[in-house]
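In: Sequence and predicted structure are below.
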There are 2 protein chains.
Amino acid sequence: MSQEQQNEETPAARFVERFAAELTEAGMQRMAARVFAALLASDSGALTSAELSERLRISPAAVSGAVRYLTQIGLVGREREPGSRRDRYVVHDEQWYETFARRDQLLTRWEAILRDGAGTLGADTAAGARVADTADFFAFLREGMVELLERWRDHRAATAPDR
Amino acid sequence: MSQEQQNEETPAARFVERFAAELTEAGMQRMAARVFAALLASDSGALTSAELSERLRISPAAVSGAVRYLTQIGLVGREREPGSRRDRYVVHDEQWYETFARRDQLLTRWEAILRDGAGTLGADTAAGARVADTADFFAFLREGMVELLERWRDHRAATAPDR
DNA sequence: CGGTAGTTTCACAAACTTGTGAAGTTAAGG
DNA sequence: CCTTAACTTCACAAGTTTGTGAAACTACCG
């Protein structure tokens, strides 16, 4: 039963497509999203290029591009099985949590732009005040996110110490 | 030369473009982002279609499309000044906080898809467990976000009771 | 070493997106 | 009611993105 063939629409394949569609809508490149979802839904959490190509019905070129992106952002690792010429792509589901939640870089940038804008608009103007408020909000949000992530790490460590 | 009405980049205009570019990169339609940023940086927090068209150098059609989107997601309101034929578009900066932070709908949807996927993959499989874990993470994140927003509202209420 | 399985790069065509001008619609003001 | 200012809709051209086939590259294996 370790035969994971999905020529027809298996439930697993449907899940992969559904979740990938969400990721895509949220801004991830389409092929990257599909590859990521496929890895997430695979039993070993790792697949070769050929397997991905077959399951997702895409060219090796598309797999290559998707994997390049995913490894760059740290969601996926590349491994080579000794004695084989094939790479295996492995989902890093721990870092995935971090990567996704760690949008603080984005928030930080926004905050900086807004602070700067508030300055040039003038603290005494309504526009300046409005923009400064918005900056405050993002600062608050960023701090909260960082704290939240920390809580997740603790929670996770308590629940499953060695994953 | 003389035709060019303030083609100069005023600091305000620069802020508008910078912030709009960020919003765009984060996934908002370009024109919507520019319109929103322009409203945010305007003194009254409201502009007419003509003003937007002129400041952003875009066609009325583009303004129309952007505003339709922004009103749909609740970031902007439409008002008609009595005795005028012009609409005024008003930034809802309070709701904007909410709208932006309230990604819980997104998170909820993801969570649902992941739970469902975990079910079909089977709780006894490695893939099922991995996907269930991911669902847990999003559940945690969503709860945290909701709480965080609540804290912001309290904080805001304490700081500026009457906005 | 040479053959070859596997991966990457590249140019390009197809598909999608975006902003526009112009025609169409609505309603205020005479 | 008719005129006209203001907004919206629509078809389309320009621009961008995406995935592919094919060629180029890499490094295992005999």
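Out: Cool, got the structure.

In: all contacts plus neighbour counts: C-alpha atoms, from now on.
Out: OK.

In: Do a quick rundown of the helices in chain A.
Out: Using DSSP state H, the helices of chain A run over residues A:11-25, A:30-40, A:49-56, A:60-72, A:93-101, A:104-121, A:126-159.

In: Around the residue lying closest to residue A:134 once chain neighbours are set aside, count how many other residues there are.
Out: Spatial nearest neighbour of residue A:134, chain neighbours left out: residue A:114 (7.2 Å); criterion: CA to CA, 6 or more residues apart in numbering or on different chains. Using other CA atoms under 10 Å in any protein chain shown, residue A:114 has 26 other residues around it.

In: Tell me the confidence at residue A:114?
Out: Looking at residue A:114, its pLDDT is 96.

In: Quick check: phi and psi on the residue of chain A found nearest DNA strand D?
Out: Closest contact between chain A and DNA strand D, by CA to the nearest atom of the strand, is at residue A:83 (3.2 Å). Backbone torsions for residue A:83, taken as degrees, to the nearest 10, come to phi 80, psi 10.

In: so what pLDDT did residue A:40 get?
Out: 95.

In: Next: residue A:5.
Out: 42.

In: deepest of the helices of chain A, which one?
Out: Most buried of those by mean neighbour count (mean count of other CA atoms under 10 Å in any protein chain shown) is helix A:30-40; its value is a mean of 23.

In: could you check whether it is close to DNA strand C?
Out: No. Judged by CA under 7 Å from any atom of the strand, helix A:30-40 and DNA strand C are separated, with a smallest distance of 11.4 Å.

In: so does stretch A:55-75 get close to DNA strand C?
Out: Yes. Using CA under 7 Å from any atom of the strand, stretch A:55-75 reaches DNA strand C at A:60, A:61, A:62, A:63, A:64, A:65, A:67, A:68.

In: Give me the subset of those that also touch DNA strand D.
Out: Applying CA under 7 Å from any atom of the strand to the residues of stretch A:55-75 next to DNA strand C, one finds that A:60, A:61, A:62 fall near DNA strand D.

In: dump the residue contacts of the residue nearest to the last one when sequence neighbours are not counted.
Out: Translated: residue A:62. Of all residues not flanking residue A:62 in the chain, residue A:31 sits nearest, at 6.9 Å (CA to CA, 6+ apart). Residue A:31 makes contacts with A:62, A:63, A:66, as judged by CA atoms under 8 Å, 6 or more residues apart in numbering or on different chains.

In: Can I get the residues you listed in TSV including pLDDT?
Out: Putting the contacts of residue A:31 into TSV (pLDDT from 0 to 100) gives the following:
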residue	pLDDT
A:62	97
A:63	97
A:66	96
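
In: ok, residue A:81 touching residue A:87?
Out: Yes. When contacts are counted by CA atoms under 8 Å, residue A:81 is listed as touching residue A:87 (6.8 Å).

In: neighbour count winner among these two?
Out: residue A:87 (17 against 10).

In: The more buried one reaches residue A:67, doesn't it?
Out: No. Contact criterion CA under 8 Å: residue A:87 and residue A:67 do not qualify, at 10.9 Å.

In: Close to DNA strand C: what parts of chain A are there?
Out: Selection of chain A residues close to DNA strand C by CA under 7 Å from any atom of the strand yields A:48-50, A:60-65, A:67-68, A:85-88.
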